[in-house]
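Q: Sequence and predicted structure, then a few things I'm wondering about:
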Amino acid sequence: MASLDKPRHVKYWQRCFTSYLPSAYTANDSTRLTFAFFIVSALDLLSVPFSPKDRSSIRAWVLSLQHPDGGFCGSPTHVFSGQDATKGSANLAATFFALLLLAAAAGTDEEARAAFSGVHRRRLLGWVKRLQRRDGSFGQVSWEGEAVGGRDTRHSYLASAIRWMLRGDGDEDDIDTERMVDHIRHTQTYDGGAAELSKHESHALYMLDRPSSSSAAHDSAAVGEGVPDRKALIRFLVHRQFSYLAKEEEDESDGDAENYIQARLGHLSLADQCAHVGYNGRWNKKADTCYCWWVAGTLAMVDSFHAVNIVPSRQYLLDVTQHRIGGFSKHAGGPPDLYHSYLGLAALALMGDADLKAFDVGLCCSKDTARKVELAREGLLKRATHTFDGDGFWESVNAAR
(Lines give C-alpha, C1' and ligand atoms only; values in the text may rest on other atoms or scores of the structure.)
Protein backbone atom coordinates (compact mmCIF):
# COMPACT_ATOMS: atom_id res chain seq x y z
CA MET A 1 0.00 0.00 0.00
CA ALA A 2 1.46 3.35 -1.06
CA SER A 3 2.19 6.12 1.43
CA LEU A 4 2.92 9.83 1.21
CA ASP A 5 6.48 10.33 -0.02
CA LYS A 6 7.09 13.18 2.41
CA PRO A 7 10.76 13.90 1.54
CA ARG A 8 9.89 14.34 -2.14
CA HIS A 9 6.95 16.60 -1.34
CA VAL A 10 9.14 18.70 0.94
CA LYS A 11 11.73 19.06 -1.84
CA TYR A 12 9.02 19.97 -4.35
CA TRP A 13 7.56 22.73 -2.17
CA GLN A 14 10.96 24.03 -1.03
CA ARG A 15 11.98 24.30 -4.67
CA CYS A 16 8.81 26.30 -5.35
CA PHE A 17 9.58 28.54 -2.36
CA THR A 18 13.24 29.25 -3.14
CA SER A 19 13.38 29.40 -6.94
CA TYR A 20 11.48 30.69 -9.96
CA LEU A 21 8.34 28.81 -10.93
CA PRO A 22 8.18 27.20 -14.40
CA SER A 23 7.35 29.52 -17.29
CA ALA A 24 3.86 28.03 -17.57
CA TYR A 25 2.88 30.05 -14.48
CA THR A 26 3.65 33.38 -16.17
CA ALA A 27 0.11 33.62 -17.54
CA ASN A 28 -1.18 33.31 -13.96
CA ASP A 29 0.89 36.14 -12.51
CA SER A 30 -2.27 37.91 -11.32
CA THR A 31 -2.75 35.09 -8.79
CA ARG A 32 0.80 35.12 -7.47
CA LEU A 33 -0.34 35.76 -3.90
CA THR A 34 -2.59 32.69 -4.07
CA PHE A 35 0.36 30.61 -5.25
CA ALA A 36 2.39 31.98 -2.35
CA PHE A 37 -0.29 30.76 0.05
CA PHE A 38 -0.26 27.28 -1.48
CA ILE A 39 3.53 27.09 -1.10
CA VAL A 40 3.78 28.42 2.44
CA SER A 41 0.74 26.51 3.67
CA ALA A 42 1.94 23.25 2.09
CA LEU A 43 5.29 23.56 3.86
CA ASP A 44 3.40 24.29 7.06
CA LEU A 45 1.30 21.12 6.59
CA LEU A 46 4.54 19.19 6.10
CA SER A 47 5.95 20.72 9.34
CA VAL A 48 8.80 22.49 7.56
CA PRO A 49 9.93 25.48 9.67
CA PHE A 50 10.66 28.95 8.28
CA SER A 51 13.58 31.07 9.39
CA PRO A 52 12.89 34.43 11.08
CA LYS A 53 14.23 36.10 7.93
CA ASP A 54 11.80 34.20 5.70
CA ARG A 55 8.88 34.98 8.02
CA SER A 56 9.74 38.66 7.96
CA SER A 57 10.08 38.64 4.17
CA ILE A 58 6.71 36.92 3.71
CA ARG A 59 5.01 39.45 5.95
CA ALA A 60 6.63 42.46 4.26
CA TRP A 61 5.78 41.15 0.79
CA VAL A 62 2.13 40.51 1.66
CA LEU A 63 1.66 43.97 3.20
CA SER A 64 3.25 45.55 0.12
CA LEU A 65 0.28 44.23 -1.90
CA GLN A 66 -2.32 46.09 0.19
CA HIS A 67 -4.51 48.44 -1.84
CA PRO A 68 -5.04 51.97 -0.46
CA ASP A 69 -8.82 51.67 -0.91
CA GLY A 70 -8.99 48.32 0.89
CA GLY A 71 -8.14 44.71 0.12
CA PHE A 72 -5.01 43.11 -1.31
CA CYS A 73 -3.82 42.85 -4.90
CA GLY A 74 -3.00 39.44 -6.33
CA SER A 75 0.44 40.38 -7.62
CA PRO A 76 3.01 43.22 -7.49
CA THR A 77 2.11 43.94 -11.11
CA HIS A 78 -1.30 45.14 -9.88
CA VAL A 79 0.19 47.53 -7.33
CA PHE A 80 0.87 51.13 -8.36
CA SER A 81 2.57 53.89 -6.42
CA GLY A 82 2.18 57.61 -5.98
CA GLN A 83 -0.80 59.30 -7.61
CA ASP A 84 -1.65 56.09 -9.48
CA ALA A 85 -1.93 54.00 -6.29
CA THR A 86 -5.73 53.77 -6.43
CA LYS A 87 -5.63 52.43 -10.00
CA GLY A 88 -4.48 49.02 -8.81
CA SER A 89 -7.03 46.26 -8.34
CA ALA A 90 -7.58 44.32 -5.13
CA ASN A 91 -9.57 41.08 -5.27
CA LEU A 92 -11.36 38.86 -2.76
CA ALA A 93 -9.27 35.72 -3.22
CA ALA A 94 -5.99 37.60 -2.81
CA THR A 95 -7.31 39.34 0.30
CA PHE A 96 -8.40 36.07 1.91
CA PHE A 97 -5.06 34.39 1.22
CA ALA A 98 -3.14 37.50 2.30
CA LEU A 99 -4.69 37.34 5.77
CA LEU A 100 -3.96 33.62 6.05
CA LEU A 101 -0.36 34.20 4.95
CA LEU A 102 0.15 36.91 7.56
CA ALA A 103 -1.00 34.46 10.23
CA ALA A 104 1.01 31.54 8.84
CA ALA A 105 4.17 33.68 8.83
CA ALA A 106 3.94 34.21 12.60
CA GLY A 107 6.53 32.19 14.49
CA THR A 108 5.21 32.66 18.02
CA ASP A 109 1.88 33.38 19.68
CA GLU A 110 3.06 36.93 20.32
CA GLU A 111 3.82 37.39 16.63
CA ALA A 112 0.47 35.81 15.76
CA ARG A 113 -1.41 38.37 17.88
CA ALA A 114 0.35 41.10 15.89
CA ALA A 115 -0.04 39.36 12.52
CA PHE A 116 -2.83 41.67 11.30
CA SER A 117 -1.02 44.79 12.44
CA GLY A 118 -0.67 47.00 9.39
CA VAL A 119 -3.91 45.76 7.81
CA HIS A 120 -6.24 48.67 7.03
CA ARG A 121 -9.14 47.00 8.77
CA ARG A 122 -12.02 49.47 8.43
CA ARG A 123 -11.06 50.36 4.89
CA LEU A 124 -10.91 46.69 3.95
CA LEU A 125 -14.29 45.89 5.50
CA GLY A 126 -15.84 48.82 3.65
CA TRP A 127 -14.36 47.52 0.39
CA VAL A 128 -15.83 44.05 1.01
CA LYS A 129 -19.25 45.58 1.65
CA ARG A 130 -19.07 47.46 -1.67
CA LEU A 131 -18.48 44.17 -3.47
CA GLN A 132 -21.89 42.86 -2.42
CA ARG A 133 -24.73 43.24 -4.91
CA ARG A 134 -28.39 43.84 -4.13
CA ASP A 135 -29.20 40.17 -4.69
CA GLY A 136 -26.74 39.21 -1.93
CA SER A 137 -24.02 37.85 -4.21
CA PHE A 138 -20.46 39.17 -4.29
CA GLY A 139 -18.24 40.27 -7.12
CA GLN A 140 -14.53 39.56 -7.03
CA VAL A 141 -13.24 43.06 -7.77
CA SER A 142 -14.56 46.60 -7.89
CA TRP A 143 -14.48 48.37 -11.25
CA GLU A 144 -15.56 52.02 -11.45
CA GLY A 145 -17.59 51.58 -8.29
CA GLU A 146 -19.37 48.42 -9.45
CA ALA A 147 -18.85 44.86 -8.23
CA VAL A 148 -17.75 42.66 -11.13
CA GLY A 149 -16.68 39.05 -11.49
CA GLY A 150 -19.70 36.77 -11.71
CA ARG A 151 -21.89 35.35 -8.94
CA ASP A 152 -19.66 32.50 -7.88
CA THR A 153 -20.62 31.36 -4.37
CA ARG A 154 -16.92 31.05 -3.59
CA HIS A 155 -16.92 34.85 -3.49
CA SER A 156 -19.51 34.66 -0.69
CA TYR A 157 -17.27 32.25 1.18
CA LEU A 158 -14.23 34.51 0.83
CA ALA A 159 -16.17 37.61 1.85
CA SER A 160 -17.70 35.99 4.92
CA ALA A 161 -14.36 34.52 6.00
CA ILE A 162 -12.66 37.92 5.67
CA ARG A 163 -15.53 39.47 7.62
CA TRP A 164 -15.05 36.98 10.44
CA MET A 165 -11.28 37.52 10.55
CA LEU A 166 -11.46 41.31 10.76
CA ARG A 167 -14.81 42.37 12.16
CA GLY A 168 -15.79 42.67 15.81
CA ASP A 169 -19.13 43.67 17.26
CA GLY A 170 -18.62 47.37 16.62
CA ASP A 171 -20.02 49.82 14.11
CA GLU A 172 -17.85 48.82 11.16
CA ASP A 173 -19.43 48.59 7.72
CA ASP A 174 -20.99 45.17 7.43
CA ILE A 175 -22.25 42.96 4.65
CA ASP A 176 -25.89 41.89 4.46
CA THR A 177 -25.61 38.32 5.73
CA GLU A 178 -29.32 37.58 5.30
CA ARG A 179 -29.22 38.48 1.62
CA MET A 180 -26.00 36.50 1.19
CA VAL A 181 -27.54 33.34 2.67
CA ASP A 182 -30.70 33.88 0.60
CA HIS A 183 -28.59 34.13 -2.56
CA ILE A 184 -26.76 30.92 -1.66
CA ARG A 185 -30.07 29.14 -1.09
CA HIS A 186 -31.19 30.01 -4.60
CA THR A 187 -28.14 28.39 -6.22
CA GLN A 188 -29.11 24.80 -5.37
CA THR A 189 -30.05 22.87 -8.50
CA TYR A 190 -32.56 20.10 -9.21
CA ASP A 191 -30.00 17.34 -8.53
CA GLY A 192 -29.00 18.66 -5.11
CA GLY A 193 -25.80 20.32 -6.30
CA ALA A 194 -25.19 24.03 -6.78
CA ALA A 195 -24.16 26.44 -9.50
CA GLU A 196 -23.99 30.20 -10.04
CA LEU A 197 -27.71 30.03 -10.83
CA SER A 198 -30.17 27.26 -10.01
CA LYS A 199 -30.73 26.51 -13.71
CA HIS A 200 -27.02 26.09 -14.49
CA GLU A 201 -25.08 22.83 -14.35
CA SER A 202 -24.23 21.82 -10.79
CA HIS A 203 -20.57 21.67 -9.84
CA ALA A 204 -18.71 20.40 -6.77
CA LEU A 205 -16.61 23.59 -6.74
CA TYR A 206 -19.63 25.48 -5.44
CA MET A 207 -20.45 22.99 -2.69
CA LEU A 208 -17.93 23.80 0.05
CA ASP A 209 -18.79 27.48 -0.05
CA ARG A 210 -22.43 26.98 0.89
CA PRO A 211 -21.92 25.71 4.46
CA SER A 212 -18.65 27.63 4.87
CA SER A 213 -20.15 30.98 3.90
CA SER A 214 -23.15 30.48 6.14
CA SER A 215 -21.02 29.33 9.08
CA ALA A 216 -18.57 32.22 8.77
CA ALA A 217 -21.51 34.61 8.89
CA HIS A 218 -21.72 33.61 12.59
CA ASP A 219 -25.41 32.86 12.47
CA SER A 220 -26.21 29.66 14.36
CA ALA A 221 -29.05 28.79 11.98
CA ALA A 222 -27.26 29.94 8.84
CA VAL A 223 -25.58 26.65 7.96
CA GLY A 224 -28.93 24.89 7.68
CA GLU A 225 -30.59 27.85 5.99
CA GLY A 226 -27.90 28.02 3.32
CA VAL A 227 -28.67 24.46 2.22
CA PRO A 228 -32.40 24.10 1.41
CA ASP A 229 -32.24 20.37 0.66
CA ARG A 230 -29.48 18.88 2.79
CA LYS A 231 -30.17 15.26 1.81
CA ALA A 232 -30.02 16.10 -1.89
CA LEU A 233 -26.73 17.96 -1.38
CA ILE A 234 -25.17 15.00 0.41
CA ARG A 235 -26.46 12.61 -2.26
CA PHE A 236 -24.91 14.75 -5.01
CA LEU A 237 -21.57 14.80 -3.19
CA VAL A 238 -21.53 11.07 -2.46
CA HIS A 239 -22.11 10.40 -6.16
CA ARG A 240 -18.97 12.34 -7.04
CA GLN A 241 -17.03 9.28 -5.86
CA PHE A 242 -16.56 6.40 -8.27
CA SER A 243 -14.42 3.34 -8.73
CA TYR A 244 -11.34 4.47 -10.63
CA LEU A 245 -10.21 2.05 -13.34
CA ALA A 246 -6.61 2.95 -14.13
CA LYS A 247 -6.36 0.69 -17.17
CA GLU A 248 -9.28 2.49 -18.79
CA GLU A 249 -7.66 5.91 -18.43
CA GLU A 250 -4.30 4.71 -19.72
CA ASP A 251 -6.07 3.66 -22.90
CA GLU A 252 -7.41 7.19 -23.47
CA SER A 253 -5.57 8.79 -26.40
CA ASP A 254 -6.23 12.34 -25.22
CA GLY A 255 -4.99 12.89 -21.68
CA ASP A 256 -6.99 16.10 -21.37
CA ALA A 257 -10.28 14.61 -22.51
CA GLU A 258 -13.01 15.00 -19.92
CA ASN A 259 -14.84 11.76 -20.60
CA TYR A 260 -16.15 9.93 -17.59
CA ILE A 261 -14.63 6.46 -17.29
CA GLN A 262 -17.67 4.24 -17.36
CA ALA A 263 -17.35 0.87 -15.63
CA ARG A 264 -18.37 -2.11 -17.72
CA LEU A 265 -20.98 -4.51 -16.45
CA GLY A 266 -18.29 -7.00 -15.52
CA HIS A 267 -16.69 -4.46 -13.18
CA LEU A 268 -19.86 -3.87 -11.17
CA SER A 269 -20.12 -5.52 -7.79
CA LEU A 270 -22.08 -5.17 -4.59
CA ALA A 271 -18.89 -5.79 -2.63
CA ASP A 272 -16.82 -2.80 -1.52
CA GLN A 273 -13.62 -3.99 -3.16
CA CYS A 274 -12.51 -1.05 -5.29
CA ALA A 275 -8.81 -0.32 -4.90
CA HIS A 276 -9.03 3.32 -5.94
CA VAL A 277 -11.83 5.87 -5.61
CA GLY A 278 -11.62 9.00 -7.73
CA TYR A 279 -13.76 12.13 -7.61
CA ASN A 280 -15.19 14.37 -10.30
CA GLY A 281 -16.81 17.78 -10.05
CA ARG A 282 -19.70 17.21 -12.43
CA TRP A 283 -21.67 14.32 -13.82
CA ASN A 284 -19.89 12.25 -16.49
CA LYS A 285 -16.41 13.72 -16.00
CA LYS A 286 -13.02 12.20 -15.29
CA ALA A 287 -11.42 11.93 -11.89
CA ASP A 288 -9.50 15.02 -10.77
CA THR A 289 -7.26 15.37 -7.70
CA CYS A 290 -8.75 18.65 -6.51
CA TYR A 291 -12.25 17.21 -6.14
CA CYS A 292 -11.02 14.82 -3.46
CA TRP A 293 -10.72 18.00 -1.40
CA TRP A 294 -13.81 19.87 -2.60
CA VAL A 295 -16.10 16.89 -2.04
CA ALA A 296 -14.59 15.47 1.15
CA GLY A 297 -14.25 18.95 2.63
CA THR A 298 -17.89 19.77 1.99
CA LEU A 299 -19.06 16.47 3.44
CA ALA A 300 -17.00 17.25 6.54
CA MET A 301 -18.65 20.69 6.80
CA VAL A 302 -22.13 19.15 6.79
CA ASP A 303 -21.19 16.45 9.32
CA SER A 304 -21.23 13.67 6.73
CA PHE A 305 -17.53 12.85 6.44
CA HIS A 306 -18.42 9.23 7.20
CA ALA A 307 -19.70 9.04 3.61
CA VAL A 308 -16.14 9.45 2.28
CA ASN A 309 -14.59 6.14 1.22
CA ILE A 310 -11.29 7.00 2.89
CA VAL A 311 -8.95 4.07 2.18
CA PRO A 312 -9.44 3.82 -1.61
CA SER A 313 -9.64 7.63 -1.85
CA ARG A 314 -6.20 7.89 -0.23
CA GLN A 315 -4.87 5.20 -2.51
CA TYR A 316 -6.13 7.06 -5.57
CA LEU A 317 -4.13 10.12 -4.53
CA LEU A 318 -1.03 8.18 -3.48
CA ASP A 319 -0.96 5.60 -6.29
CA VAL A 320 -2.35 7.56 -9.21
CA THR A 321 -1.71 11.32 -8.98
CA GLN A 322 1.19 11.58 -6.50
CA HIS A 323 4.10 12.58 -8.73
CA ARG A 324 7.57 11.07 -8.62
CA ILE A 325 9.18 14.51 -8.15
CA GLY A 326 6.72 15.46 -5.42
CA GLY A 327 3.39 17.22 -5.59
CA PHE A 328 0.23 15.95 -7.26
CA SER A 329 -1.03 16.12 -10.81
CA LYS A 330 -4.55 16.95 -11.95
CA HIS A 331 -4.99 13.44 -13.35
CA ALA A 332 -2.94 10.35 -14.11
CA GLY A 333 0.19 11.03 -16.14
CA GLY A 334 0.13 14.81 -15.84
CA PRO A 335 2.76 17.09 -14.29
CA PRO A 336 2.37 18.37 -10.72
CA ASP A 337 1.07 21.90 -10.25
CA LEU A 338 0.63 24.15 -7.22
CA TYR A 339 -3.16 24.05 -7.11
CA HIS A 340 -3.61 20.29 -7.31
CA SER A 341 -0.52 19.62 -5.20
CA TYR A 342 -1.87 21.73 -2.35
CA LEU A 343 -5.42 20.38 -2.50
CA GLY A 344 -4.04 16.84 -2.71
CA LEU A 345 -2.22 17.43 0.58
CA ALA A 346 -5.34 19.10 1.99
CA ALA A 347 -7.45 16.04 1.19
CA LEU A 348 -4.91 13.67 2.74
CA ALA A 349 -4.62 15.85 5.84
CA LEU A 350 -8.41 15.88 6.16
CA MET A 351 -8.32 12.09 5.96
CA GLY A 352 -5.88 12.00 8.87
CA ASP A 353 -2.54 11.33 7.16
CA ALA A 354 0.07 10.82 9.89
CA ASP A 355 2.75 12.79 8.00
CA LEU A 356 0.65 15.96 7.84
CA LYS A 357 -0.66 18.43 10.40
CA ALA A 358 -4.33 18.38 11.36
CA PHE A 359 -6.43 20.35 8.89
CA ASP A 360 -9.04 23.09 9.30
CA VAL A 361 -11.76 22.68 6.66
CA GLY A 362 -13.31 26.13 7.01
CA LEU A 363 -10.10 28.07 6.33
CA CYS A 364 -8.38 25.46 4.12
CA CYS A 365 -5.17 25.48 6.15
CA SER A 366 -3.60 23.61 9.05
CA LYS A 367 -5.32 23.86 12.41
CA ASP A 368 -2.09 25.43 13.66
CA THR A 369 -2.45 28.30 11.17
CA ALA A 370 -6.18 28.56 11.98
CA ARG A 371 -5.22 28.98 15.64
CA LYS A 372 -2.84 31.79 14.66
CA VAL A 373 -5.66 33.43 12.71
CA GLU A 374 -7.75 33.37 15.90
CA LEU A 375 -4.91 35.03 17.81
CA ALA A 376 -4.38 37.59 15.03
CA ARG A 377 -8.09 38.42 15.09
CA GLU A 378 -8.08 38.83 18.87
CA GLY A 379 -5.01 41.07 18.71
CA LEU A 380 -6.43 43.20 15.91
CA LEU A 381 -9.79 43.74 17.60
CA LYS A 382 -8.11 44.56 20.91
CA ARG A 383 -5.93 47.20 19.26
CA ALA A 384 -8.91 48.57 17.33
CA THR A 385 -10.71 49.47 20.57
CA HIS A 386 -7.79 51.60 21.75
CA THR A 387 -6.13 53.19 18.73
CA PHE A 388 -6.35 54.01 15.05
CA ASP A 389 -2.79 52.75 14.60
CA GLY A 390 -2.51 50.05 11.96
CA ASP A 391 -5.83 50.97 10.37
CA GLY A 392 -4.44 53.41 7.85
CA PHE A 393 -5.60 56.46 9.81
CA TRP A 394 -2.24 58.18 10.18
CA GLU A 395 -1.23 57.30 6.63
CA SER A 396 -4.29 59.17 5.32
CA VAL A 397 -3.59 62.13 7.61
CA ASN A 398 0.01 62.38 6.44
CA ALA A 399 -1.02 62.06 2.80
CA ALA A 400 -3.39 65.01 3.18
CA ARG A 401 -0.65 67.33 4.46
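A: On my side now, so go ahead. Treat the numbers as computed from the prediction; the structure is a model and nothing was measured.

Q: got any ranges where this structure has weak pLDDT?
A: Along the chain, the model assigns pLDDT under 70 to residues 85, 169-172, 205-226, 246-273, 386-401.

Q: domain assignment for it?
A: Per automatic domain parsing, the structural domains of the chain span 1-19+28-119+369-401, 123-231, 241-279+286-363.

Q: Straight-line length of the shortest one, end to end?
A: Pointing back at domain 123-231 there. Using CA to CA, to the nearest Å, the gap from the first to the last residue of domain 123-231 comes to 40 Å.

Q: ok, Gly118 to Trp164 distance?
A: 19 Å (CB to CB, to the nearest Å). The way it works is simple: take the backbone N, C-alpha and C, and place the C-beta from them, glycine included.

Q: My understanding was that Ala103 contacts Ala115; is that so?
A: Yes: the criterion here is CB atoms under 8 Å, and Ala103 meets it with Ala115 at 4.9 Å.

Q: ok, which stretches of the stretch 101-250 of the chain are strands?
A: Assigned by DSSP state E, counting those that start in this stretch, the stretch 101-250 of the chain shows strands spanning 141-143, 146-148, 241-243.

Q: Dump the ones you listed into CSV; add mean neighbour count and distance to Asp319 as well.
A: Compiled in CSV, the strands of the stretch 101-250 of the chain are given as follows (neighbours: other CB atoms under 10 Å; distance: least, CB to CB, whole Å):
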stretch, mean neighbour count, distance to Asp319
strand 141-143, 18, 40
strand 146-148, 14, 42
strand 241-243, 21, 14
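
Q: May I see those strands organised as TSV, with distance to His203 added?
A: What follows is these, written out as TSV (distance: least, CB to CB, whole Å):
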stretch	distance to His203
strand 141-143	22
strand 146-148	21
strand 241-243	16
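
Q: List the buried residues of stretch 71-79.
A: Neighbour counts over stretch 71-79 (16 or more other CB atoms under 10 Å) mark Gly71, Phe72, Cys73, Gly74, Ser75, His78, Val79 as buried.

Q: Would you confirm that the fifth one contacts Phe35?
A: No: counting by CB under 8 Å, Ser75 sits too far from Phe35 to count as a contact (9.4 Å).

Q: that older thread, can you tell which of the strands of the stretch 101-250 of the chain is closest to Val277?
A: strand 241-243 (5.2 Å; CB to CB).

Q: Partner strands of that closest one, with direction?
A: strand 277-279 (antiparallel) (DSSP bridges).

Q: So which other helices or strands are in contact with the next helix or strand after the partner strand?
A: The helix or strand immediately downstream of strand 277-279 is helix 289-301, counting by DSSP states H and E. When contacts are defined as 3 or more CB pairs under 8 Å, 6 or more residues apart in numbering; DSSP states H and E, helix 289-301 packs onto helix 209-216, helix 230-238, strand 277-279, helix 338-350.

Q: go again using 6 Å as the cut-off
A: When contacts are defined as 3 or more CB pairs under 6 Å, 6 or more residues apart in numbering; DSSP states H and E, helix 289-301 sits against helix 230-238, strand 277-279, helix 338-350.

Q: Identify the residue nearest Ala114 in space, chain neighbours excluded?
A: Gly379 (5.8 Å; CB to CB, 6 or more residues apart in numbering).

Q: ok, the one you found touching Ala112?
A: No: with contacts counted by CB atoms under 6 Å, Gly379 stays clear of Ala112, the gap being 7.5 Å.

Q: Settle it for me: which of these two has more neighbours?
A: Shown here are Gly379 and Ala112; by other CB atoms under 10 Å, Ala112 has more neighbours (25 against 20).

Q: follow-up on the earlier one: so what sits against both of Ala103 and Ala115?
A: Ala376 (CB atoms under 6 Å, 6 or more residues apart in numbering).

Q: Check the spacing between the residue nearest to Ala114 and Ser57 real quick.
A: According to CB to CB, Gly379 and Ser57 sit 21 Å apart.

Q: ditto for His306
A: Counting by CB to CB, the separation of His306 from Ser57 is 42 Å.

Q: Ok, Gln83 next?
A: The value you get for Gln83 to Ser57, if CB to CB is used, is 28 Å.

Q: These two: who's more crowded?
A: A count of neighbours by other CB under 10 Å puts Ser57 above the other of Gln83 and Ser57, at 13 against 7.

Q: Next, the more buried one: phi, psi?
A: Backbone geometry at Ser57, expressed as degrees, to the nearest 10, gives phi -70, psi -40.

Q: And for His331?
A: Main-chain dihedrals, His331, degrees, to the nearest 10: phi -150, psi 180.
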